[in-house]
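Engineer: Using only what follows, build the 3D model:
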Amino acid sequence: MSWTAPQVGRIDAPPAADERTMLLNWLDYHRSTFLMKCAGLTPEQLATRSVPPSTLSLLGLIRHLADVELVWFRRRLGGEDVPMNFYKPGDPDPDFDHNGATAQTAEADYNLLITEIELAKKSFEGMSLDHSFDEPPHRYGLTARWVLAHMIEEYARHNGHADLLRERIDGAVGD
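Structural biologist: Below you'll find the predicted structure:
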């Protein structure tokens, strides 16, 4: 039997909690929502492009989100000097990493996203929401709180893309 993206569970964010718990739970909710959109799909289905001329695919989003997790949590918040997984200087679209997203890379790319999520969680353990960093030359004084809010927005936006992609692949709809 060939690999398919695994089924995942999702836990709703609590209706009442402290700020840190609420932000982390909403981020996990949106992470798991994205993974649910990929669940049960074959590598070929994950690599399916949306509608020409767009190069958007669930696999491209997997690769993009793996780098987004790495950049915001490990590099910017954690200060780690680690290379990007997919983005290369000179790429025509620095925000998406669709080049090279093929059925042959799907399982490894999916597993890398899971790894980056776990590494992001570890890098954030014990960090204050007020922890700040600069992102010269554009932004200064960004906080861990801002990163969590941004990551919730990042996943929520891409969950909308994933919803449309999944419906086009096999007709599945819903959250």
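
Engineer: which residue ranges form the helices in the chain?
Structural biologist: 19-38, 43-46, 58-69, 106-124, 144-170 (DSSP state H).

Engineer: ok, residue 109 to residue 11 distance?
Structural biologist: 25 Å (C-beta to C-beta, to the nearest Å). C-beta: built from backbone N, CA, C; applies to glycine.

Engineer: Identify the residue nearest the spatially most central residue of the chain in space, chain neighbours excluded?
Structural biologist: With distances taken as C-alpha atoms, centre = their mean, residue 65 lies nearest the centre of the chain, 2.8 Å away. Nearest non-adjacent residue to residue 65, counting by C-beta to C-beta, 6 or more residues apart in numbering: residue 113, 5.8 Å away.

Engineer: Test for you: state the pLDDT assigned to that neighbour.
Structural biologist: Residue 113 is assigned 98 on the pLDDT scale.

Engineer: same question, residue 92
Structural biologist: pLDDT, read off for residue 92, is 69.

Engineer: Residue 32 now?
Structural biologist: With respect to pLDDT, residue 32 has a value of 97.

Engineer: List the contacts of it.
Structural biologist: Contacts for residue 32 (C-beta atoms under 8 Å, 6 or more residues apart in numbering) come out as 8-11.

Engineer: Compute the distance between it and residue 26, please.
Structural biologist: 11 Å.

Engineer: check contacts around residue 158.
Structural biologist: 34, 61, 64-65.

Engineer: Looking at those residues, which is nearest residue 159?
Structural biologist: Using C-beta to C-beta, residue 34 is the member of the contacts of residue 158 that lies nearest residue 159, at 5.5 Å.

Engineer: Against residue 7, how distant is the closest one?
Structural biologist: Counting by C-beta to C-beta, the gap from residue 34 to residue 7 is 14 Å.
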